[in-house]
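Asks: Just need the structure, nothing else, for what follows:
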Amino acid sequence: MSLVESVKVAGRPVSQLVPVIGAERYARLVREAGQFRERLAGRTIWNISSTAVGGGVAEMLRVLTGYVHDLGIPMRWMVITGDAKFFAVTKRLHNQIHGEAAGGPLSDGDAAHYAQMLAANAGELLDEIRPGDPVLLHDPQTAGLVATLASAGARVAWRCHIGLDWENDATRAAWRFLRPHLAAAEGYVFSRRQYVPAWVPSQKTWIIPPSIDPYSPKNHDLDGAAVRAILATIGVLDGVAPGGPTSFVRSDGATGVVTRPADITGESRPSPADPLVVQVSRWDRLKDMPGVMTGFANHVAPGGGGYLVLAGPAVSGVSDDPEGAAVFGDCLLQWQGLPAAVRARTLLVNLPLDDIDENAAMVNALQRHATVITQKSLAEGFGLTVAEGMWKARPVVGSAIGGIIDQIAPGTGILLPDPRDATAFGAAVRQLLDDPGQATRMGLAARAHVRDNYLADLHLLHYGSLLATLAS
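Replies: Next up is the predicted model:
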């Protein structure tokens, strides 16, 4: 059985971006893509990650690879395999880079297992990657591939999608573990300048913020009838007649239909008229779903109406996140202990991952129906759910950490200086629920800010500069 999986991605027409980005931005992208094809001279670009579904990295790779195919540039995406111990090690590295020391330091045995697993994956990758091919490795799961691929002649850059604005013992431990594996890289890519470790050479550093795609199933326009019908189908919304329009546009342009129900913990359901506070995240300690529940229970629910929906991927569907089931279990115990009146207005939603486009359409409908979107993370590499919510013209209440700071510009949402301050969180959410005019103004400004800063054409241009340098 092969350890490495090739992810098949359909082409996405770049021309569909024109109504959103305008003719000038589109012309620049096409022009620079043509120049890049000449410099690539027949070589293939490789993206290597640890999962094809669940999480922002996989979503971005699917979108960007699709657009690159349409631009006539050869790009492939490979997903490595790991066992439970490997992903336990990389999850601890993920947490340490975010400043969390849970699980204690990694042992020599952990390091040996990490290297052994990646050596096995590297052997299969080298059957296909040729000398001179530019390779983008994504996140700590792939760092141990750098030396082997570079020694075989590939032009390797490592892309870190996570980070912290400051150092502590946990972050230093993570970088001590990773640094020897990364020494041979020709480029290092981070989402924010503040995330770059001091030992990374400045001349090899690239700052590339991530992006969303306005035409992905997660962000494509849905009218109100479709939103309500999808939410009724998955079981979130009450009072909507069955049989409504649940169709959506798939990544390849075909029509999809939402048919699967979500796995929902909740004693009642909101009606279409009830205000909805929504957070969509992985079931990850650092996303602080329990803190959102506490803030809602103590500081939002007592002040007026509204429901809370905490939604994440089905915990069995994300292979590289072994903590998901445990975090959801903790949320379930907390939900069971809520006061009855608050528990009746709080839903825990596991969205199925059997069909990733259908899952994305479910998220799309949740965000479009939301009155307020939250992202009360304790640490965040970037947090694309913020830009996704802003694109739907919804105000976002988010923690003033990491990439959330960059996304929520003044007037586009509310930043929380202390992510753990449940009182301030509740006050911000209640303020927007009680002032629909302010919420609408913020939402419209939020959408414009995303259009100007976080769409796929800008992301591709940044990557084009990096890859052209590697291919030179």
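Asks: CA atoms only for stretch 402-413, dumped as PDB, please.
Replies: The C-alpha coordinates for stretch 402-413 follow below in PDB (Å, rounded to 0.1, in the frame of the first residue of the first chain):
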ATOM      1  CA  GLY A 402      -2.200  36.400  15.300                       C
ATOM      2  CA  GLY A 403      -3.700  36.800  11.800                       C
ATOM      3  CA  ILE A 404      -7.100  37.800  13.300                       C
ATOM      4  CA  ILE A 405      -5.500  41.200  14.100                       C
ATOM      5  CA  ASP A 406      -4.700  41.600  10.400                       C
ATOM      6  CA  GLN A 407      -8.100  40.700   9.100                       C
ATOM      7  CA  ILE A 408     -10.400  42.700  11.400                       C
ATOM      8  CA  ALA A 409      -9.600  46.200  10.400                       C
ATOM      9  CA  PRO A 410     -11.200  49.200  12.300                       C
ATOM     10  CA  GLY A 411     -14.900  49.300  11.500                       C
ATOM     11  CA  THR A 412     -15.100  45.700  10.200                       C
ATOM     12  CA  GLY A 413     -15.700  43.900  13.400                       C
END
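Asks: Show me where the stretch 351-472 of the chain has its helices.
Replies: Secondary structure of the stretch 351-472 of the chain (DSSP state H, counting those that start in this stretch): helices at 356-369, 384-391, 402-407, 422-434, 436-453, 456-471.
Asks: Now render those as JSON lines, adding mean neighbour count and mean pLDDT.
Replies: Any C-beta I mention is one placed from the backbone N, CA and C, and that applies to glycine too. Shown next, in JSON lines, are those (neighbours: other C-beta atoms under 10 Å; pLDDT from 0 to 100):
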{"stretch": "helix 356-369", "mean neighbour count": "24", "mean pLDDT": "96"}
{"stretch": "helix 384-391", "mean neighbour count": "28", "mean pLDDT": "96"}
{"stretch": "helix 402-407", "mean neighbour count": "23", "mean pLDDT": "94"}
{"stretch": "helix 422-434", "mean neighbour count": "20", "mean pLDDT": "97"}
{"stretch": "helix 436-453", "mean neighbour count": "17", "mean pLDDT": "97"}
{"stretch": "helix 456-471", "mean neighbour count": "19", "mean pLDDT": "93"}
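Asks: so which of those helices gets nearest Val292?
Replies: Distance to Val292, taken as C-beta to C-beta, is lowest for helix 422-434 among the helices of the stretch 351-472 of the chain, at 7.5 Å.
Asks: isn't Val240 right next to Ala232, touching?
Replies: Yes - look at Val240 against Ala232 with C-beta atoms under 8 Å: they come within range, at 3.9 Å.
Asks: of those two, who's got more company?
Replies: Relative neighbour count places Ala232 above the other of Val240 and Ala232, with 22 against 19, counting by other C-beta atoms under 10 Å.
Asks: what's the spacing between that one and Trp391?
Replies: According to C-beta to C-beta, to the nearest Å, Ala232 stands 23 Å off from Trp391.
Asks: if we can go back for a sec, and Leu61, which of the helices of the stretch 351-472 of the chain is closest to it?
Replies: helix 456-471 (11.0 Å).
Asks: Would you map out the domains in this protein?
Replies: Here the domain parsing of the chain from automatic domain parsing is 5-211+455-471, 224-453.
Asks: most packed of those?
Replies: domain 224-453 (a mean of 20; mean count of other C-beta atoms under 10 Å).
Asks: Between the two ends of that domain, what distance do you get?
Replies: From its first residue to its last, domain 224-453 covers 27 Å (C-alpha to C-alpha, to the nearest Å).
Asks: what packs against the longest helix seen in the chain?
Replies: The residue-count maximum for a helix in the chain (DSSP state H) belongs to helix 18-40. In this structure, helix 18-40 makes packing contacts with helix 456-471, judged by 3 or more C-beta pairs under 8 Å, 6 or more residues apart in numbering; DSSP states H and E.
Asks: run the last query once more with 10 Å
Replies: For helix 18-40, the elements it packs on are helix 56-70, helix 436-453, helix 456-471, judged by 3 or more C-beta pairs under 10 Å, 6 or more residues apart in numbering; DSSP states H and E.
Asks: looking at those helices, which is closest to Ser281?
Replies: For these, the distance to Ser281 is smallest for helix 56-70, at 10.3 Å, taking C-beta to C-beta.
Asks: tell me the angle of the closest one relative to helix 356-369?
Replies: Here helix 56-70 points in a direction 110 degrees away from that of helix 356-369 (axes from the mean of the first three to the mean of the last three C-alpha atoms, to 10 degrees).
Asks: From the centroid of this structure, which residue is nearest?
Replies: Geometric centre of the chain, nearest residue: Gly56, 2.1 Å, by C-alpha atoms, centre = their mean.
Asks: Am I right that that one is in contact with Gly383?
Replies: Yes - here Gly56 lies in contact with Gly383, judged by C-beta atoms under 10 Å, at a distance of 8.1 Å.
Asks: Now the common contact residues for the two.
Replies: By C-beta atoms under 10 Å, 6 or more residues apart in numbering, Gly56 and Gly383 have these common neighbours: Pro210.
Asks: Touching, Glu59 and Val280? I think so.
Replies: No - using C-beta under 10 Å, Glu59 makes no contact with Val280, being 12.0 Å away.
Asks: Mutual contacts of those two, please.
Replies: Overlap of the contact sets of Glu59 and Val280 (by C-beta under 10 Å, 6+ apart) consists of Lys218, Val363, Glu388.
Asks: With distance to Pro74 as added columns, please give those residues in a markdown table.
Replies: Output for the shared contacts of Glu59 and Val280, formatted as a markdown table (distance: C-beta to C-beta, whole Å):
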| residue | distance to Pro74 |
| --- | --- |
| Lys218 | 26 |
| Val363 | 31 |
| Glu388 | 29 |
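Asks: What are the boundaries of the helices in the stretch 51-200 of the chain?
Replies: Using DSSP H, counting those that start in this stretch, the helices of the stretch 51-200 of the chain run over 56-70, 84-97, 108-125, 146-151, 169-182.
Asks: Which one of these lies nearest to Leu351?
Replies: Among these, helix 56-70 comes nearest to Leu351, with 13.5 Å by C-beta to C-beta.
Asks: what helices or strands is the closest one leaning on?
Replies: Other helices and strands packing on helix 56-70, by 3+ C-beta pairs under 10 Å, 6+ apart, are helix 18-40, strand 45-49, strand 75-79, strand 134-138, helix 356-369, helix 384-391, helix 456-471.
Asks: Try it again at 6 Å.
Replies: strand 75-79 (3 or more C-beta pairs under 6 Å, 6 or more residues apart in numbering; DSSP states H and E).
Asks: can you give me the angle the strand it packs on makes with helix 18-40?
Replies: Here the directions of strand 75-79 and helix 18-40 differ by 90 degrees (the same axes, to 10 degrees).
Asks: In space, what's closest to Glu5 - neighbours in sequence excluded?
Replies: In space, and not counting its chain neighbours, Glu5 is closest to Val79: 4.6 Å by C-beta to C-beta, 6 or more residues apart in numbering.
Asks: swap in Arg269?
Replies: Using C-beta to C-beta, 6+ apart, the closest residue to Arg269 is Asp238 (3.6 Å).
Asks: Assign that neighbour to helix, strand or coil.
Replies: The local conformation at Asp238, judged by DSSP: H, G, I helix; E, B strand; the rest coil, is coil.
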